[in-house]
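A.B. asks: let me see the structure of the following:
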Amino acid sequence: MKIPLFPLDVVLFPGAQLPLHIFEERYKEMVEFCLAEDMPFGVVRAQREGLAVIGCTASITRVLHRYPDGRLDIMTQGRERFEIEQLDNSRSFLQAEVDFFDDDEGASSTRAQREECMALHFEVLELAGVEAQVLPLNLDCLISFQLAAALPSDLGFKQQLLGLRSDAERSRHLLDFYNAMLPKLRRGAQATKRAADNGHIM
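C.D. replies: Presented below is the predicted three-dimensional model:
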């Protein structure tokens, strides 16, 4: 299937919301085309060495604002993951032939894994001083995409997570990330507390 592509310095996950301000002429044309055809476009990470091979489609859920000069503010939501097979430069905006893919069957995380991931996720955010997003997490469902989208991590790691075809494997990668981060964050929090206690005037 051929879809329009929007290269961005971002990794979009299925289910995640992505607000966009559309100002370049080619992307204004792309958005109008997608609205007219009621079709999504593909968000793919733009890297220094070129485009990532794995991306995620974004459906336009709302047009928030139209400006007199044609610029738009839109809200999009991640839908399906895809792998780029061939690029197409025949229009002003980039297009690509893509193959869609889902997780492999029988590759889900356990509830215990999901509980551990959620607990460590919020501890990492708290210690890192990152304001936690309100995540409607249902531990009876898969949550790895929601946690990955909210991670304060580098885009390379997020890109790796996007390409994994197993929820259980994504959960293991998340647990490894949390367990690597937490000792440093805990030491930093303890050092900050000691410094504050040392400067306390009785």
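A.B. asks: tell me the domain ranges of the chain?
C.D. replies: By the record's domain assignment, the chain is partitioned as 2-101, 111-198 (automatic domain parsing).
A.B. asks: how about JSON lines for these, with mean neighbour count added?
C.D. replies: C-beta coordinates here come from the backbone N, C-alpha and C atoms, glycine included. Formatted as JSON lines, these follow (neighbours: other Cβ atoms under 10 Å):
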{"stretch": "domain 2-101", "mean neighbour count": "16"}
{"stretch": "domain 111-198", "mean neighbour count": "15"}
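A.B. asks: reformat those domains as JSON lines; add mean pLDDT.
C.D. replies: As requested, the domains of the chain are arranged in JSON lines below (pLDDT from 0 to 100):
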{"stretch": "domain 2-101", "mean pLDDT": "97"}
{"stretch": "domain 111-198", "mean pLDDT": "87"}
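A.B. asks: which ones are touching F157?
C.D. replies: L151, H173, F177 (Cβ atoms under 8 Å, 6 or more residues apart in numbering).
A.B. asks: just those: which are in strands?
C.D. replies: With DSSP state E as the criterion, strands contain none of the contacts of F157.
A.B. asks: would you reformat those residues as TSV and include distance to P183?
C.D. replies: Written out in TSV, the entries for these read as follows (distance: Cβ to Cβ, whole Å):
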residue	distance to P183
L151	17
H173	18
F177	12
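A.B. asks: tell me the contacts of R170?
C.D. replies: With contacts defined as Cβ under 8 Å, 6+ apart, R170 is in contact with S109, S144, F145, A148, L161, L164.
A.B. asks: could you report the separation of the third one from A107?
C.D. replies: The gap separating F145 from A107 is 14 Å, by Cβ to Cβ, to the nearest Å.
A.B. asks: SS state for F6?
C.D. replies: For F6, the assignment made with DSSP: H, G, I helix; E, B strand; the rest coil gives strand.
A.B. asks: OK, contacts around it?
C.D. replies: For F6, the contacting residues are L20, Y27, M30, F41, G42, V43, V44, A58, F93, taking Cβ under 8 Å, 6+ apart as the criterion.
A.B. asks: hang on, the last one packs against I22?
C.D. replies: If I follow you right, that is F93. No - F93 is beyond contact range of I22, at 10.9 Å (criterion: Cβ atoms under 8 Å).
A.B. asks: element containing I74?
C.D. replies: Take DSSP states H and E as the rule and I74 turns out to sit in strand 72-88.
A.B. asks: can you name the next helix or strand after that strand?
C.D. replies: Scanning forward in sequence from strand 72-88 by DSSP H and E, the next helix or strand is strand 95-101.
A.B. asks: so what strands line up beside that following strand?
C.D. replies: Taking DSSP bridges as the criterion, strand 95-101 sits next to strand 2-8 (antiparallel), strand 72-88 (antiparallel) in its sheet.
A.B. asks: and these: which comes nearest E126?
C.D. replies: Closest approach to E126 among the strands paired with strand 95-101 (Cβ to Cβ): strand 72-88, 25.7 Å.
A.B. asks: run the chain-centre distance for that closest one.
C.D. replies: How far strand 72-88 lies from its chain's middle: 12 Å, per Cα atoms, centre = their mean, to the nearest Å.
A.B. asks: again with stretch 99-108
C.D. replies: Distance, centroid of stretch 99-108 to centroid of chain: 18 Å (Cα atoms, centre = their mean).
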